[in-house]
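Colleague: Based on what follows, work out the 3D shape:
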Amino acid sequence: MEIGGAIGAVVVHTPGGMEGDEIEVWPADGTGPLTHAVVRRRHVDQRCRFAAVFPALEAGDYTLRSVGDRAATLRKVTVLGGQVAAADW
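Modeller: Numbers count the residues shown, from 1 in each chain. Predicted structure coming up:
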């Protein structure tokens with residue numbers, strides 16, 4: 001992860017059924033760029049988990065949205081500089 005100073009990261013944990021889906025993130029105030037990540041299968045501690053990772057975001061409040069069939073589903077997350085935030089879908 002590329003974190004430090006005013007840069008943090010977000011890991012969005014999802015159900016397995018979202019593998020391959022895209023999740024978008026943008027500043028909650030609507031002033032910044034939109035970026036996206038794909039939900040991927042990840043092997044952690046001998047367990048299979050599914051997550052989208054946003055490795056370098058400026059500190060602040062963000063809105064998350066799943067692209068496609070779940071486009072109306074929004075989540076909020078706060079990014080702190082130098083830290084990795086976790087969000088559950």
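Colleague: lowest average confidence, helix or strand, in this structure?
Modeller: The weakest-scoring helix or strand in the chain, judged by mean pLDDT, DSSP states H and E, is strand 40-44 (a mean of 91).
Colleague: Show me the strands paired with it, marking each as parallel or antiparallel.
Modeller: Looking at strand 40-44 with DSSP bridges, its partner strands are strand 47-58 (antiparallel).
Colleague: Neighbouring strands - and their directions - for the helix or strand following the strand it pairs with?
Modeller: Where DSSP states H and E defines the elements, the next helix or strand beyond strand 47-58 is strand 60-66. If you go by DSSP bridges, strand 60-66 pairs up with strand 22-27 (antiparallel), strand 74-79 (antiparallel).
Colleague: Strand 60-66: which residues count as buried?
Modeller: Residues of strand 60-66 classed as buried by neighbour count (16 or more other C-beta atoms under 10 Å): 60, 62-66. (Each C-beta comes from the backbone N, C-alpha and C, glycine too.)
Colleague: quick one: low-confidence ranges for this structure?
Modeller: 69-72 (pLDDT under 70).
Colleague: Restrict the least confident helix or strand of the chain to CA atoms and write it as PDB.
Modeller: Extracted in PDB, the C-alpha atoms of strand 40-44 (Å, rounded to 0.1, in the frame of the first residue of the first chain):
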ATOM      1  CA  ARG A  40     -10.800 -10.100  -6.300                       C
ATOM      2  CA  ARG A  41     -10.300 -13.400  -4.400                       C
ATOM      3  CA  ARG A  42      -7.500 -13.100  -1.900                       C
ATOM      4  CA  HIS A  43      -6.000 -15.800   0.300                       C
ATOM      5  CA  VAL A  44      -5.400 -14.500   3.800                       C
END
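Colleague: how about residue 17, secondary structure?
Modeller: Secondary structure assignment for residue 17 (DSSP: H, G, I helix; E, B strand; the rest coil): helix.
Colleague: and it, how far is that from residue 41?
Modeller: Separation of residue 17 from residue 41 (C-beta to C-beta, to the nearest Å) stands at 12 Å.
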